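*Asks:* make a model of this:
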Amino acid sequence: MAEQVVLCRLEDIADPGSKGFAIDIGGEQRRFFIVRKGTRVFAYVNACPHRGTPLDWKPDSFLDIDRERIQCASHGALFRMEDGFCTAGPCAAKSLEPFPIDVVDGRIVIRP
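*Replies:* Predicted structure coming up:
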């Protein structure tokens, strides 16, 4: 089994909140982010399905002003936290690409 990569502790992300990451996996740089809602966390590749641009408007800022949905900084598309589905904007009905994570003993880890 592959060694777990610990990203952070659950408490390191505000509730609700978000945090971006860039890590090397198999020689490839992967940019993704995590959003937290209570004890639930969801992770997505940091690329809008509309143009492939990063979603954050400043580091670790992926949520709308109400901190209820993920918002694309480029054109304002809105996505549900729970499944990355776009509910408004030019990529409506498309979804963000999920990134495999788990919460283990209060730590957020990349799923092997």
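*Asks:* next, count neighbours for the closest residue to Phe85 other than its chain neighbours.
*Replies:* In space, and not counting its chain neighbours, Phe85 is closest to Ser95: 4.9 Å by C-beta to C-beta, 6 or more residues apart in numbering. Heads up, the C-betas are built off the backbone N, CA and C, glycines and all. Residue neighbour count, defined by other C-beta atoms under 10 Å, stands at 14 for Ser95.
*Asks:* what about the closest residue to Gly84 other than its chain neighbours, distance to Glu3?
*Replies:* Beyond its immediate neighbours in the sequence, the residue positioned closest to Gly84 (C-beta to C-beta, 6+ apart) is Leu96, lying 3.3 Å away. According to C-beta to C-beta, to the nearest Å, Leu96 stands 27 Å off from Glu3.
*Asks:* likewise Val45?
*Replies:* 22 Å.
*Asks:* more neighbours: the two, which one.
*Replies:* More neighbours sit around Val45 than around the other of Val45 and Glu3, counting by other C-beta under 10 Å; the figures are 18 against 8.
*Asks:* gap between the more buried one and Phe62?
*Replies:* 12 Å.
*Asks:* swap in Gly76?
*Replies:* Counting by C-beta to C-beta, the gap between Gly76 and Phe62 amounts to 13 Å.
*Asks:* neighbour count for these two, which is higher?
*Replies:* Neighbours around Gly76 and Phe62, counted as other C-beta under 10 Å, are more numerous at Phe62. The numbers are 27 against 11.
*Asks:* who's in contact with the more buried one?
*Replies:* With C-beta atoms under 8 Å, 6 or more residues apart in numbering as the criterion, the residues that contact Phe62 are 18, 20, 33, 35, 55-56, 70-71.
*Asks:* cool, Cys8 as well?
*Replies:* 19, 107-108.
*Asks:* run through the bridge partners of it.
*Replies:* Beta-bridge pairing of Cys8, defined through DSSP bridges, involves Ile108.
*Asks:* pLDDT score for it?
*Replies:* Cys8 is assigned a predicted lDDT (pLDDT) of 97.
*Asks:* ok, and what's touching stretch 9-23?
*Replies:* Contact partners of stretch 9-23, identified using C-beta under 8 Å, 6+ apart, comprise 5, 7-8, 29-39, 41, 46, 56, 59-63, 67-68, 70, 81, 103, 106-108, 110.
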